[in-house]
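*Asks:* This is a predicted model, with the sequence first.
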Amino acid sequence: MKLAFWTVTRGAGKIAKEYAEILISHFREDKIAVYTLEKFSIADTMQIKDFTMELEKEFQNYDTHIFIMASGIVIRKIAPLIKSKDIDPAVLLIDEGKHFVVSLLSGHLGGSNVMTYRLSEILNLIPVISTSSDITGKIAVDIISQKLQAELEDLQSTKELTSLIVDGKKVEILLPENVKIRKNCETNTNPEGVILLSNKKTLKITRLYPQNLILGIGCKKDVKAVEIVEAIETVMGKHNLDMKSVKYIATVDVKKEEAGLIKASEMLGKNLVIIGREEIKKVQHKFEGSDFVEKNIGVRAVSEPVAYLSSSRIGHFLERKARYKGITISIYEEEIRNE
């Protein structure tokens, strides 16, 4: 979690510094940034000349921004910077009198509401939440998606369904009888389709994509990014899987600078997780291996062990090893857990 305090007065700067020191111990962070104006010379803070320019530069670099200043200033300064509720960072406001902490932006997906409650307890402040679903004690669809560790299909249907919940209408999460979210280690089976029984002429439906697929990739040297993307799309299509459910791509440390693999991960918008060969050697006996691969990189297999090692290890392989133009792909599906 990357968190920053922003201030424009001497008093607020001192409060931010005090609060940051408290939160570092509670959140177990190495550092929390505190931005103060250079003219106040507040030690051990990020002293800046131009508040507006610095905020524009750093706005997307933090998960949470806490402003200790007037709300009008904050709204005017962040207005040109905000894009969408699914990507904007959390924005909170604390008054210089040390009375209130206000959730201002990205209350649900950005975590601003949760952070507001946490800060109110830690710093002894009064929380101010204006989100309708929260103040009426009802759960929003985007909060459901977070609890299920799933990705929203789109914001419009999410908004419409949350409106139904807030309005007291009946909204159901459909789980076919042979598909359940469990707390034990039994394997879940995702449905290929859902039959919905309803006498409503129109029905608001949205979809959540669980982030529970891990792609293990092995490849030859100097493979092109487009070939890797093509291989991934082919194997995913074979199993009727959506890229939105891919948590990340994993590979072996010897491939950490493979340009095509790095570019392919960027093209797909997925992080590339690197697994060391020493870790692979501990589990490679569980997977199909190759003398040729071992001779070249020191381990007998790549795609299966890296997918397995980077996962929760509670789940199963949907694809053990698919080969495509010098590329091997494994797909590991983690069990969907509701905790």
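*Replies:* That came in fine, so what should we check first?
*Asks:* So for stretch 166-176, what gets flagged as buried?
*Replies:* Neighbour-count burial for stretch 166-176 flags 166, 171 (criterion: 16 or more other Cβ atoms under 10 Å). Every residue, glycine included, has its C-beta placed from N, CA and C.
*Asks:* Enumerate every residue touching the nearest residue to E96 once chain neighbours are set aside.
*Replies:* Excluding its sequence neighbours, the residue lying closest to E96 (Cβ to Cβ, 6 or more residues apart in numbering) is A12, at 5.1 Å. A12 makes contacts with 68-69, 96, as judged by Cβ atoms under 8 Å, 6 or more residues apart in numbering.
*Asks:* Most neighbours of all those residues, which one?
*Replies:* Of all the contacts of A12, the highest neighbour tally under other Cβ atoms under 10 Å goes to I68, namely 25 neighbours.
*Asks:* For that one, give the beta-bridge partners.
*Replies:* Taking DSSP bridges as the rule, I68 bridges to T7.
*Asks:* Quick check: mean pLDDT of stretch 236-248?
*Replies:* For stretch 236-248, mean pLDDT is 94.
*Asks:* mind checking the end-to-end distance for that stretch?
*Replies:* Using Cα to Cα, to the nearest Å, one end of stretch 236-248 lies 14 Å from the other.
*Asks:* ok, residues contacting it?
*Replies:* With Cβ under 8 Å, 6+ apart as the criterion, stretch 236-248 contacts 151, 153, 192, 209-215, 232-233, 268, 270-273, 310, 318-319, 322, 331, 334.
*Asks:* about what we covered before: and the residue nearest to E96, that one's in a strand?
*Replies:* No - using DSSP: H, G, I helix; E, B strand; the rest coil, the secondary structure at A12 is helix, not a strand.
*Asks:* and the gap between it and S130?
*Replies:* 23 Å (Cβ to Cβ, to the nearest Å).
*Asks:* One more: G97?
*Replies:* 20 Å.
*Asks:* circling back: can I get the buried part of the contacts of stretch 236-248 as one ChimeraX selection?
*Replies:* In ChimeraX syntax, the buried subset of the contacts of stretch 236-248 is picked out as below (16+ other Cβ under 10 Å):
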select :151,153,209,210,211,212,213,214,215,232,268,270,272,273,310,318,319,322,331,334
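*Asks:* Which ones among the contacts of stretch 236-248 map onto strands?
*Replies:* Per DSSP state E, strands hold the following members of the contacts of stretch 236-248: 151, 209-210, 213-215, 272-273, 318-319, 322, 331, 334.
*Asks:* could you dump those residues to a markdown table with pLDDT?
*Replies:* Shown next, in a markdown table, are the ones in strands among the contacts of stretch 236-248 (pLDDT from 0 to 100):
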| residue | pLDDT |
| --- | --- |
| E151 | 73 |
| Y209 | 89 |
| P210 | 89 |
| L213 | 96 |
| I214 | 97 |
| L215 | 97 |
| L272 | 96 |
| V273 | 96 |
| L318 | 95 |
| E319 | 96 |
| A322 | 95 |
| I331 | 97 |
| E334 | 92 |
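*Asks:* all strands for the stretch 151-300 of the chain, in order.
*Replies:* 208-210, 213-219, 246-252, 272-275 (DSSP state E, counting those that start in this stretch).
*Asks:* Name every strand pairing with the third one and say which way it goes.
*Replies:* The reference is to strand 246-252. strand 213-219 (parallel), strand 272-275 (parallel).
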